[in-house]
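**Student:** What shape does this take:
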Amino acid sequence: MALSLPTITAAIAGLSISGVRVLDLDDIPDATFAPGVPCLFPDPAFLSSASGTAITFRPRKYQVERDVRYVYLHAECGSLRLANVMPALVAASDSIISALLGLEGGNAYHVNGVSIGGFGALSDPTGKQFWGFQVTVALTEVV
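**Tutor:** Sure thing, here's the model as predicted:
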């Protein structure tokens, strides 16, 4: 069995989260526009950490821990005040956490945790400002 981060990101992109477009690594937008939100996509600085440890020697097996980052954009800044969009951001964060924690990778990978942070104004890849937050998914693979 080999490491397969693309398999994991494809599984994340395949999640059904009400009202949210979930994008894969090859779908990171070059530009985002208001009709394209709400959306969850891999942060361009996607892999925030990775480490591997041998857990058995015969046969050789490794445990690989990774943290991957996503960005959730909800609405363009200026279209709504933060106070007006905050209830929707909180609801979206709950839905995203629930969906990610429910992701089943069988023996290939496990989601160890999901953290949400950075609520407020975030930039899309073109620098346009949107209300949203950052998502970090802690993963373990055994190979």
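**Student:** Can you point out the buried residues in the helix or strand bottoming out on mean pLDDT in the chain?
**Tutor:** When the helices and strands of the chain are scored by mean pLDDT, DSSP states H and E, strand 39-57 comes last with a mean of 86. Along strand 39-57, these residues count as buried under the neighbour rule (16 or more other C-beta atoms under 10 Å): 39-43, 46. Using the backbone N, CA and C atoms, a C-beta is placed for each residue, glycine as well.
**Student:** mind listing the strands for the chain?
**Tutor:** 21-22, 39-57, 60-76, 109-123, 129-142 (DSSP state E).
**Student:** Where does pLDDT dip in this structure?
**Tutor:** 1, 31-35 (pLDDT under 70).
**Student:** How about the longest helix seen in it, which residues are buried there?
**Tutor:** What stands out as the longest helix in the chain, according to DSSP state H, is helix 82-101. Buried residues in helix 82-101, counting neighbours by 16+ other C-beta under 10 Å, are found at 85, 89, 92-93, 95-97, 99-100.
**Student:** returning to what we had before: with distance to residue 110 as extra columns, can I get the buried residues of strand 39-57 in TSV?
**Tutor:** Formatted as TSV, the buried residues of strand 39-57 follow (distance: C-beta to C-beta, whole Å):
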residue	distance to residue 110
39	25
40	20
41	23
42	19
43	21
46	19
